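K.L.:
how does the following fold in three dimensions:
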Amino acid sequence: MPASRTSRLSVRASPNELILWNHLARSHGHVTTSDWIRSLLVSAEFSGDDGSPISDELRGMRTQLSRVGNNLNQLAHSANCGDTVHCGSVLDDIETLIHQFDQILSRSRKNPSRKTARRKCDTTVTMH
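P.N.:
Residues are numbered from 1 along each chain as shown. I've put the predicted structure just below:
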């Protein structure tokens with residue numbers, strides 16, 4: 001038997017927010033928006049979740065970032081020696097990491113920043 005729900009919680013929303021929330025609730029398989037919001041509240045904030053998945057995710061990304069930093073140091077060394085430098089794949093890795101960090105940070109902030117730094121480079125740079 002479902003729990004008796006006699007208390008009410010109200011949240012103000014713009015018409016666009018309400019449309020979006022209704023759509024999200026249905027797309028996640030919930031019959032009502034209230035059911036979806038109830039599941040969100042129970043699953044994260046009030047369940048005692050210590051947030052370790054994000055910490056594990058950040059730890060893994062830190063390792064990846066360290067590897068990319070090593071690759072950048074190797075590229076800089078090669079460039080300083082006058083070698084032809086192929087930087088496209090390293091910059092693609094950096095771009096991927098920036099995007100992953102942006103996603104994690106947006107989940108951890110109330111007002112996520114939409115501004116992110118993006119870098120572009122020719123795939124080959126020859127330095128003499």
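
K.L.:
how far off centre is the lengthiest helix in the chain?
P.N.:
Selection of the longest helix in the chain by residue count, based on DSSP state H, yields helix 52-80. Averaging C-alpha positions (CA atoms, centre = their mean, to the nearest Å) puts helix 52-80 17 Å from its chain's average.

K.L.:
same question, stretch 88-97
P.N.:
On CA atoms, centre = their mean, the centre of stretch 88-97 falls 16 Å from that of its chain.

K.L.:
buried ones in that stretch?
P.N.:
Residues of stretch 88-97 classed as buried: V90, L91, D93, I94, L97 (neighbour count, 16 or more other CB atoms under 10 Å). Any C-beta I mention is one placed from the backbone N, CA and C, and that applies to glycine too.

K.L.:
likewise stretch 63-77?
P.N.:
L65, V68, N71, L75.

K.L.:
which residues are contacting that stretch?
P.N.:
Residues outside stretch 63-77 that contact it (CB atoms under 8 Å, 6 or more residues apart in numbering): V85, C87, V90, D93, I94, L97.

K.L.:
do a quick rundown of the strands in the protein.
P.N.:
Under the criterion DSSP state E, the chain carries strands at the ranges 84-86, 124-126.
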